[in-house]
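> 3D, please:
(chains A, B, C and D)
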Number of protein chains: 2
Amino acid sequence: MRAPGGRTPQGGGGSQEPPADTAAGDAKRGDAVVRRTRGSSGKVKLDEVARAAGVSTATVSRAFNEPDKVSDEIRERVFAVANALHWIPNAAGRALASSRTHIAGAIIPTLDNEVFARQINAMQAVMAGHGYTLFIGCSNYDQAEGLKQAQAMLARGVEALAFAGERHPAELFQALKARGLPYVVTYSYRADSPHCCVGFDNKVAFRRITRHLLELGHRRFGIISQPVADNDRVEARLAGINEELADAGLAVPEGRCLIGPGTLDAGAQGLARLMDSPKADRPTAVICGNDNLALGALACAPFLGLRAPDDFSITGFDDLAISSRLSPRLTTMRVDNHAIGAIAAEKLLWSMGHKGKAAEPRELVPDLIVRDTSGPPSGD
Amino acid sequence: MRAPGGRTPQGGGGSQEPPADTAAGDAKRGDAVVRRTRGSSGKVKLDEVARAAGVSTATVSRAFNEPDKVSDEIRERVFAVANALHWIPNAAGRALASSRTHIAGAIIPTLDNEVFARQINAMQAVMAGHGYTLFIGCSNYDQAEGLKQAQAMLARGVEALAFAGERHPAELFQALKARGLPYVVTYSYRADSPHCCVGFDNKVAFRRITRHLLELGHRRFGIISQPVADNDRVEARLAGINEELADAGLAVPEGRCLIGPGTLDAGAQGLARLMDSPKADRPTAVICGNDNLALGALACAPFLGLRAPDDFSITGFDDLAISSRLSPRLTTMRVDNHAIGAIAAEKLLWSMGHKGKAAEPRELVPDLIVRDTSGPPSGD
DNA sequence: CTGAAAGCGCTTACAG
DNA sequence: CTGAAAGCGCTTACAG
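Alright, predicted model coming up:
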């Protein structure tokens, strides 16, 4: 309610004359100083807030950044004036002076995906709660693109970085190390990883789902997977399947592990190819690298004259919203992606508060969700 | 290949002695200047590049920002040195000096959605191609949250802003106007909108899909829609349906326009409620506010003993990838979301290049995609 | 608790 | 085409 620039009636605090005038005489004399004119941004600056509130710029800055160090009365006055003047602090000035940008970055493979969208949402919320802005970059599952995004973020002065998976160019890790920049690897988790991981063990997860199928009695398996290139998570998944099968004395035959884009169509085509052999030879269980592939396969099954789980079993991974709504309901695994994002953000915040020291990794464990699409193999 | 700091053998260009030493005497004498020590960031700075290349800071800056103004020889030398030193320009310093941040912002309702993810992807690509970084913020369909995100972006110094829809607090538009900040409204388009819109006319689109159903002979309609609050797009969609029906002398009866979250479950529950009446009275056509709702309804239909299009017709909006893969394939409308994002980015870039002048709006037209789920009403 | 002023790392008007 | 230096809008070590 106090008018901007108005001094308190009490006039306390030992403040001198209003400095509004003194500031005018800032052209040094006797030195033939060349006056440059630089277009000021035209926006209200901290400087003007200070003048209007009758305090120094230091005090205005402190009122906002270290409120405890400023007397109640002055703090309130500064806030009121800043408000009245609609002052918005210039982030660049702040960053330059403090060498803190309050920006963190997250690099994910793709936005178009419930899984990563959820992680980002959570990260953003936690970061915002601590005064940090989150930069988001998409690699489109391409290592080189991911590196480019990371470099752009470094140039922007991010103070911490999160990225999905640990398969990234050595250059990235070097740059991070060189700058002592905190980072976390999200989504992936390996007990022996050199990085701070917040995620789950993809290999263990796929051993689990494979075991589920083995326990149901399946012996002939087929796989439909996303590309392995640049993707440690997919690699670990395939390894998990193969190891679990090997432990049971089994293996996926040549030509029964189909690799393609992680799309609905690839899932559909994959199933058609896997089922294109005499019934006695067909896989009875199909493990898909994610729900999307499984959903595509499921949608295609009727056209092949097949249905799960009577004619074959099939599993996904992710537990997308739609996976449990469609019929037959998909057997899959679910990860708490919101938690991954939130925890990753907390780890980063912790590191930033501890001189960049790496935070403790955190393993989340996916749940196996057995629904309609997995059952005992049909006797042939 | 040239060693950092090494001068060219030819020594051309009239360069004086290497300035490596002259730079040391920068403590002014005879003035009792107090030396402050401020932790330098520890990173390589433009200053060091200049010294190593034997040129002024101005020249280094120009070499990167206005390469034409620098001689070939010096430019190459500067590049080589900068490279060897791994110099990464400090964005804050640059922003402060030039009052250009090269940051643009985009605010969308949610990340978790093919539609917006695609727009963002396209925007980001176009922006990156022009040296701009894209800030992304999610409002979660909440006006107040959207405003908060926008304010955070202003504080970060975004030079342009894109946001979905035109239903936003007046405060937002005032702030934009006050700063002369270019912006575009994405997704929505109205011929008489005061804003630069890049999107489609939601009302016209839903008139179109309603007409399709009318032409098939439907006379009893039901609606399953997302919430109208804070959402001009949804409002326009409902208006489109109602106007088209009114033109045909029809109306959606009380209780047959169901509003809820735009989820699969809401779609399922919606269909159950709409179909909960004697067959002769049930709607024969159900218009959904988006594909997700329609997909949920479709998934639920078998449990109701119904199937489309024999027992009822149903339509969506968005043409999600899965909508055409599932059986029955959904009748829906498709918008080129990639184009919306790309064009929005170009408009913003254009505005920034033209002193913030508003760009021309651009209307995209959605395609009606007639598939399995719409057919003539079943005779009862 | 408060202020005067240097400094953060760039860009750019000015002068040559 | 190039350089010397002021200035962008803040923060903070120093001094009181």
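> what's the domain layout of chain A?
Chain A resolves into domains spanning A:1-27+A:37-89, A:99-200+A:337-364, A:202-335 when parsed by automatic domain parsing.
> Now that we have those, can you turn them into CSV and tack on mean pLDDT and distance to chain B?
Bear in mind the C-beta positions are built from the backbone N, C-alpha and C, glycine included. As requested, the domains of chain A are exported to CSV (pLDDT from 0 to 100; distance: least, Cβ to the nearest Cβ, whole Å):
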stretch, mean pLDDT, distance to chain B
domain A:1-27+A:37-89, 70, 5
domain A:99-200+A:337-364, 92, 4
domain A:202-335, 96, 5
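> will you turn those domains into JSON lines that also has mean neighbour count?
Shown next, in JSON lines, are these (neighbours: other Cβ atoms under 10 Å in any protein chain shown):
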{"stretch": "domain A:1-27+A:37-89", "mean neighbour count": "15"}
{"stretch": "domain A:99-200+A:337-364", "mean neighbour count": "20"}
{"stretch": "domain A:202-335", "mean neighbour count": "20"}
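> how about those in a markdown table, adding distance to B:G356?
A markdown table is the format used below for these (distance: least, Cβ to Cβ, whole Å):
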| stretch | distance to B:G356 |
| --- | --- |
| domain A:1-27+A:37-89 | 12 |
| domain A:99-200+A:337-364 | 23 |
| domain A:202-335 | 41 |
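> Kindly state which of these is positioned closest to B:A321.
domain A:202-335 (5.8 Å; Cβ to Cβ).
> got the phi/psi numbers for A:C138?
Phi and psi for A:C138, reported as degrees, to the nearest 10, are phi -110, psi 130.
> Out of the domains of chain A, which is closest to B:R219?
Using Cβ to Cβ, the domains of chain A put domain A:202-335 closest to B:R219, at 30.0 Å.
> what about that closest one, start to end distance?
Criterion Cα to Cα, to the nearest Å; first-to-last residue distance in domain A:202-335 is 11 Å.
> Please apply the same query to stretch A:176-187.
The first and last residues of stretch A:176-187 sit 19 Å apart, counting by Cα to Cα.
> mind listing the strands in the stretch 151-300 of chain A by residue range?
A:160-164, A:183-188, A:197-200, A:221-225, A:257-259, A:285-288 (DSSP state E, counting those that start in this stretch).
> Tabulate the ones you listed (TSV), appending distance to DNA strand D.
TSV is the format used below for those (distance: least, Cβ to the nearest atom of the strand, whole Å):
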stretch	distance to DNA strand D
strand A:160-164	17
strand A:183-188	23
strand A:197-200	29
strand A:221-225	49
strand A:257-259	51
strand A:285-288	51
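> Identify whichever of those lies nearest to DNA strand C.
strand A:160-164 (18.6 Å; Cβ to the nearest atom of the strand).
> sorry, back to before: make CSV from the strands of the stretch 151-300 of chain A and add distance to B:A178 to it.
Formatted as CSV, the strands of the stretch 151-300 of chain A follow (distance: least, Cβ to Cβ, whole Å):
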stretch, distance to B:A178
strand A:160-164, 33
strand A:183-188, 38
strand A:197-200, 41
strand A:221-225, 53
strand A:257-259, 54
strand A:285-288, 53
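> what's the closest of those strands to B:T59?
strand A:160-164 (32.4 Å).
> For DNA strand D, give me its nearest residue in the stretch 201-350 of chain A.
A:L349 (17.6 Å).
> Now the one helix or strand that residue maps to - C-alpha only, CSV.
For A:L349, the element it lies in under DSSP states H and E is helix A:337-353. Below are the C-alpha coordinates for helix A:337-353, written out as CSV (Å, rounded to 0.1, in the frame of the first residue of the first chain):
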residue,chain,number,x,y,z
ASN,A,337,8.6,-43.1,-13.2
HIS,A,338,7.3,-40.3,-11.2
ALA,A,339,9.6,-41.4,-8.3
ILE,A,340,12.5,-41.7,-10.7
GLY,A,341,12.2,-38.1,-11.7
ALA,A,342,11.6,-36.8,-8.2
ILE,A,343,14.5,-38.7,-6.7
ALA,A,344,16.8,-37.8,-9.5
ALA,A,345,16.0,-34.1,-8.9
GLU,A,346,16.6,-34.5,-5.2
LYS,A,347,20.0,-36.2,-5.9
LEU,A,348,21.0,-33.3,-8.1
LEU,A,349,19.9,-30.8,-5.6
TRP,A,350,21.8,-32.6,-2.9
SER,A,351,25.0,-32.7,-5.0
MET,A,352,24.7,-29.0,-5.8
GLY,A,353,24.4,-28.3,-2.1
